[in-house]
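[1] Next come a sequence and a model predicted from it.
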Amino acid sequence: MSKKIAVLVGSLRANSFSGRLADVLKSLGIEFGLQLELAEIADLPFYNQDLDRAESLPPAWQRLRQQLAGCDAVLLVTPEYNRSVPAALKNALDVGSRPVSQNVWDGKPVGIISLSIGAIGGFGANHHLRQSLACLNAAVMAQPEAYFGNVGSRLDKEGGVSDEKSLKTLQGFLAQFAKFVG
């Protein structure tokens, strides 16, 4: 049986490496019984508790909360901004965590793939996400950790992975994620 996975992409840039990598994962996920669906975060207003009332609840918040609540697991694909998480992705964590009694992250299986154009592969962003998700009581996959460094040379212009080693790395991650979610 296929597992429904919401994918949150940390970069909002058109044709970003994160978005391209998410597309690769989406096509590879089928082999492992994972149905990956993008969860849009670009239109989320910043979390503000004053708006978190029925009469003023932003529709984008409601949409994201429903999508996350209705999925079996979440996959975060993110670049690193200034050794941390992009603001849009952190905002999505905040929106999903409120109100506290309806925290959609509570017990939700989550996998993280961070990436960068440098060799470190978004280590800081990956670990900041783990710290925030622990506070939200999400079930974060501990191993394998996935840092996709030198991403510019590992994705080709056609939207695929440029080398066999990178492909095997992503397949190995997805195989473990499918077991974790299952």
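    Received, thanks.

[2] can we go C-alpha only for contacts and neighbour counts from here?
    Noted.

[3] helix or strand right after the helix or strand harbouring Leu75?
    Using DSSP states H and E, Leu75 sits in strand 73-79. Using DSSP H and E, the next helix or strand after strand 73-79 towards the C-terminus is helix 87-96.

[4] I'd like the distance from that next one to the chain centre, please.
    Here the centre of helix 87-96 is set off from its chain's centre by 11 Å, with Cα atoms, centre = their mean, to the nearest Å.

[5] list the helices and strands that helix packs on?
    helix 59-69 (3 or more Cα pairs under 8 Å, 6 or more residues apart in numbering; DSSP states H and E).

[6] quick one: contacts of the helix it packs on?
    With Cα atoms under 8 Å, 6 or more residues apart in numbering as the test, helix 59-69 has contacts from 6, 39-41, 43-45, 74, 95-96, 104-105.

[7] taking these one by one, which sit in helices?
    Counting by DSSP state H, the part of those found in helices is 95-96.

[8] and of the contacts of helix 59-69, the nearest to Ile112?
    Val74 (8.6 Å; Cα to Cα).

[9] so who does the closest one touch?
    Val74 is in contact with 5-8, 68, 108-111, counting by Cα under 8 Å, 6+ apart.

[10] Same check on Ala6?
    Ala6 neighbours (Cα under 8 Å, 6+ apart): 36-39, 67-68, 71, 73-75.

[11] Look up phi and psi at Ser2.
    When read as degrees, to the nearest 10, the backbone of Ser2 gives phi -70, psi 140.

[12] Spatially central residue for this structure, please.
    By Cα atoms, centre = their mean, the chain has its centre lying nearest to Leu76, at 1.2 Å.

[13] In the protein, where's the longest helix?
    As assigned by DSSP H, the longest helix anywhere in the chain is helix 164-181.

[14] Only C-alpha atoms, please: export it in CSV.
    This file holds the C-alpha atoms of helix 164-181, laid out as CSV (Å, rounded to 0.1, in the frame of the first residue of the first chain):
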residue,chain,number,x,y,z
GLU,A,164,25.1,6.9,-10.3
LYS,A,165,26.5,7.5,-6.8
SER,A,166,24.0,10.3,-6.1
LEU,A,167,21.2,8.2,-7.5
LYS,A,168,22.1,5.3,-5.1
THR,A,169,22.3,7.7,-2.2
LEU,A,170,18.8,9.1,-2.8
GLN,A,171,17.4,5.6,-3.4
GLY,A,172,19.0,4.4,-0.1
PHE,A,173,17.5,7.3,1.8
LEU,A,174,14.0,6.7,0.3
ALA,A,175,14.3,2.9,1.1
GLN,A,176,15.0,3.7,4.7
PHE,A,177,12.4,6.4,4.8
ALA,A,178,9.7,4.0,3.5
LYS,A,179,10.7,1.5,6.2
PHE,A,180,10.5,4.3,8.8
VAL,A,181,7.1,5.4,7.7
